[in-house]
Structures are given as C-alpha cells and as structure tokens.
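K.L.:
Only the shape, not the letters, is given here:
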C-alpha cells in the first residue's frame, strides 16, 4: 500500500500497485521477478533524496518482460 | 482455529482478489507516521562487490521454527532467522493478514532468493548473505515500540556483524 509507505517513510522504495502478497510478482514468472529485483537495486543506487518512492511502470499480468532493459553496470555503483 | 483467525484469513483472501476492498480497509487503518529525519546512507560499494541480505515482513520461516503469534490482535514483533541454503526445502508462512497461497507455490514472489542468486552468478551482485530475517508484517499498538527499539534494532546489529552492505526489504 503506497499510503502505508508514505507514512512509514522507508529510506527508499519501489512501489507496484499489485495484489497484496505479491511484492515481487507472480509464481513461476522469473523474468518478472528478475525485473522487479533489478529495479529495486537500480533505485537503491540512483535515489538521492531520502524517502523517495519510485512508482514502477510494470502492469500486473499484462507486461512483456522480453523487452525489459536491465540497468547498466554504471547505474549500480 | 479461532473464529477471529478464520475471519482474518477470509478477509486476506478477499482483499487480494478484490483490491478495491483493500483500499477500503486502508482508509480505516492508520499506519503510524514516522517522525524526524528519514535515515539515509548512500551505498559505499558498487553492487558487483557488495554483500546483500533480505529482510521480509511476509511471515515466511523454516517449518521447524515457532510460528508467529496470530492470536494477538496487535500482532507479533519477533523475527525468525532464515538460512537461505535450506529455507526453500522446508518453509511455511505464518501471516493471516494476506493471502499467501501464491507465495507457497513460489516463495520467490515474497523472498526473491533465486533472482538474487542469479545476479551473483552473473557477477552483477557481489555476494548474498547466508542469513536473512523474517518478520510478520502485522505489528500494531505496543508492539511497534518493541519492533523499533528491540527486534528491528537487533536485526540491524546482526546484519552489520555479518558484513552485510545492502538490505532489500520485501513487504507483505
């Protein structure tokens, strides 16, 4: 829930409006899970402002991860 | 099982199936507002040489460990220490406040161990800790103080002692 995150104020957050209990995606969808983990790590290195929430663009069940571009090494340092 | 636990589990299934219902419950529940400066440090090492651990509030734990207390309406602020080498061989989820039937089919959706192991194998991530930590994310009332002052702080100290540079927290 984005509303909870806004109150709790973690240092940095990637947010997906997906069903409860599915923070990394659907069972067996390894491309989706990998993309979410990559985006969390990209945010970890790229966010400069404490408390930033990044809304990820991935749609629930309608996303084609074949076109997903993983972060470059320079974005993860 | 008590009627109150069954009610919580039924609500969890309904709010997962019908997200608009979940929004109704959120409107009725006030999460505690954090005060003061947001803690923030930039990563000191590039990802390719950093050590990462997972912390989750999804309630996953080894089957042999005691379950989280689901009879206390204010939740359970304790944590379970997870061994990533054996967790997926024999795990359970104790958390009545969300529908974890999908997580039981593939625990990576709440605890993304395999995607992270693949990043280590690809040289993208330096290393993954062997020890990770699990909470049950329904923590309210007086237990918030215990979480903030005792259990979360203990976990942070243990992560530090283990040489962990980065933590990814997965909520549920």
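P.N.:
Yep, that arrived. None of these values were measured; they are calculated from a predicted model. Numbering: from 1, shown residues only, chains lettered A, B, ... in the order given.
K.L.:
in chain B, which segments are predicted with low confidence?
P.N.:
B:19-28 (pLDDT under 70).
K.L.:
Show me where it has its strands.
P.N.:
Here chain B has its strands, by DSSP state E, at B:51-56, B:60-62, B:79-83, B:91-93, B:127-128, B:131-135, B:166-170.
K.L.:
Give me the secondary structure label for the residue nearest to residue A:13 when sequence neighbours are not counted.
P.N.:
Of all residues not flanking residue A:13 in the chain, residue A:53 sits nearest, at 4.5 Å (C-beta to C-beta, 6 or more residues apart in numbering or on different chains). C-beta: built from backbone N, CA, C; applies to glycine. Secondary structure assignment for residue A:53 (DSSP: H, G, I helix; E, B strand; the rest coil): strand.
K.L.:
right, and residue A:53 touches residue A:5 too?
P.N.:
Yes - contact status for residue A:53 versus residue A:5: in contact at 5.9 Å, counting by C-beta atoms under 8 Å.
K.L.:
list residues touching both of the two?
P.N.:
Common contact partners of residue A:53 and residue A:5 (C-beta atoms under 8 Å, 6 or more residues apart in numbering or on different chains): A:13, A:15.
K.L.:
on that earlier part again, which residues touch the residue nearest to residue A:13?
P.N.:
A:2, A:5-6, A:12-15.
K.L.:
Just among these, which is most surrounded?
P.N.:
residue A:14 (22 neighbours; other C-beta atoms under 10 Å in any protein chain shown).
K.L.:
quick one: that residue and residue B:76, what's the gap?
P.N.:
27 Å (C-beta to C-beta, to the nearest Å).
K.L.:
and residue 73, what does it touch?
P.N.:
Let's take chain A. B:46, B:48, B:124.
K.L.:
nope, chain B
P.N.:
B:4, B:140.
K.L.:
separation between it and residue B:129?
P.N.:
Distance from residue B:73 to residue B:129, by C-beta to C-beta: 33 Å.
K.L.:
before we move on, what about residue A:13?
P.N.:
21 Å.
K.L.:
quick one: the helices in chain A?
P.N.:
With helices called from DSSP state H, chain A shows them at A:2-8, A:30-46.
K.L.:
Counting by contacts, list what the first one packs against.
P.N.:
Secondary-structure packing of helix A:2-8 (3 or more C-beta pairs under 8 Å, 6 or more residues apart in numbering or on different chains; DSSP states H and E): strand A:12-15, strand A:52-55.
K.L.:
Kindly report the same for the last one.
P.N.:
Counting by 3+ C-beta pairs under 8 Å, 6+ apart, the packing neighbours recorded for helix A:30-46 are strand A:12-15, strand A:52-55, helix B:113-121, strand B:166-170.
K.L.:
Between strand B:51-56 and the longest one, find me the angle.
P.N.:
Read that as helix B:113-121. On the basis of axes from the mean of the first three to the mean of the last three C-alpha atoms, to 10 degrees, helix B:113-121 is oriented at 170 degrees to strand B:51-56.
K.L.:
wait, does helix B:113-121 contact chain A?
P.N.:
Yes - using C-beta under 8 Å from any C-beta of the partner chain, we find that helix B:113-121 touches chain A at B:114-116, B:118-119.
K.L.:
now the angle from that helix to strand B:166-170?
P.N.:
Using the same axes, to 10 degrees: helix B:113-121 against strand B:166-170 is 160 degrees.
K.L.:
top helix in chain B by residue count?
P.N.:
helix B:3-17.
K.L.:
And it, what does it pack against?
P.N.:
So helix B:3-17, by 3+ C-beta pairs under 8 Å, 6+ apart, packs with helix B:19-28.
K.L.:
tell me the contacts of residue A:28?
P.N.:
Residue A:28 touches B:105-106, counting by C-beta under 8 Å, 6+ apart.
K.L.:
and which of the contacts of residue A:73 is nearest residue A:24?
P.N.:
Checking the contacts of residue A:73 against residue A:24 by C-beta to C-beta gives residue B:124 as the nearest, at 16.7 Å.
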